[in-house]
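Q: Below: sequence and its predicted model.
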Amino acid sequence: MPGGRLTQHDRGQIADGLAEGLGYAEIARQLGRPTSTVSREVIRNGGPSRYHPGRAHKATEQRARRHRSHTAAVTPPAAGDAAVDEFLARFTAQITRTGLPRTAAAALACLYTTDSGSLTAAELAQRLRVSPATISSAVGILEAQGLIQRERDARSRRDRYVVDENVWVRATLVSAQQVNDLAEVARLGAEAFGSTPAGARARNTSRYLDFIGRDILESAERWRKVLEQQPTQD
């Protein structure tokens, strides 16, 4: 149902829509879902060119099982630990330099320093000493970048924000999609300007971005295979 978890049938419809070249918004309209639900589903499961409904459904079930095993306790870092304090400061500063707002960077650092990699909005607000509205904005930015995932806690019925070993794979896929979108715009420019210096510039830009986009996706796929070959840790 709209607003509930995606079913295997929903995922099949998403795959069909991607195969037809439909955008996230159109697929979402057909499903009666928010566009963000469809975009997150595709990005966290390989991106538009590698999305497979069966694998996506299985991966979601595995994440749910892993999440249930980790939500019993959230272990914070030792208070006053110099190494942890230095990591938090440097990690937050470095991520901020990439253009991420400071509170979003700090929230990501908080998630990294919990054993479960999972916190509620209230827990994040308490740790960072900011308002719930500030946290809502921060986690929205992190979700849009593919850096965290939102999962529903069946026991408390609260949303939990999760960071896991695939965080940078998803972030890279988001980046690749942005590069591909820019390449498409450059192609439109090449068509609009035709055989002019501006048209040639747009064509070369599109070719370059296509090249880079493919490299990003191939690198992410190679890393995903490396992770799949690693033994599962209890």
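A: Received, thanks.
Q: Following element in sequence after the helix or strand of the chain with the lowest mean pLDDT, please.
A: The helix or strand of the chain with the lowest confidence, counting by mean pLDDT, DSSP states H and E, is helix 53-70 at a mean of 67. Per DSSP states H and E, the first helix or strand lying C-terminal to helix 53-70 is helix 82-97.
Q: Helices along the chain, start to end?
A: 8-19, 24-31, 35-43, 53-70, 82-97, 102-112, 121-128, 132-144, 167-193, 197-229 (DSSP state H).
Q: And the longest one, what's buried?
A: What that stands for is helix 197-229. For helix 197-229, burial by neighbour count (16 or more other C-beta atoms under 10 Å) applies to 202-203, 205-206, 209-210, 212-213, 216-217, 220-221. From N, CA and C alone the C-beta is placed, and that goes for glycine too.
Q: What does the residue most central in space within the chain show for phi and psi?
A: In the chain, the C-alpha nearest the mean C-alpha coordinate belongs to Gly146, at 1.7 Å (C-alpha atoms, centre = their mean). Here is the backbone geometry of Gly146 (degrees, to the nearest 10): phi 80, psi 20.
Q: Would you confirm that it contacts Arg44?
A: Yes - here Gly146 lies in contact with Arg44, judged by C-beta atoms under 8 Å, at a distance of 7.1 Å.
Q: Need the residues touching each of those two.
A: Arg170 (C-beta atoms under 8 Å, 6 or more residues apart in numbering).
Q: any idea how far Gln177 is from the nearest residue to Pro101 once chain neighbours are set aside?
A: Distance criterion C-beta to C-beta, 6 or more residues apart in numbering; nearest residue to Pro101, sequence neighbours excluded, is Ile141 at 6.4 Å. Plainly put, Ile141 is 16 Å away from Gln177 if you go by C-beta to C-beta, to the nearest Å.
Q: Compare these two (neighbour count), which wins?
A: More neighbours surround Gln177 than the other of Ile141 and Gln177, with 21 against 17 (other C-beta atoms under 10 Å).
Q: if you skip the residues just before and after it, what's nearest to that one?
A: Gly47 (6.6 Å).
Q: Enumerate every residue touching that neighbour.
A: Neighbours of Gly47 in contact, by C-beta under 8 Å, 6+ apart: 173, 176-177, 217, 220.
Q: 10 Å instead?
A: 18, 146, 169-170, 172-174, 176-177, 180, 216-217, 220-221 (C-beta atoms under 10 Å, 6 or more residues apart in numbering).
Q: Could you do Ala59 as well?
A: 44-46, 52, 166.
Q: now do 8 Å
A: Contacts of Ala59 by C-beta under 8 Å, 6+ apart are Asn45.
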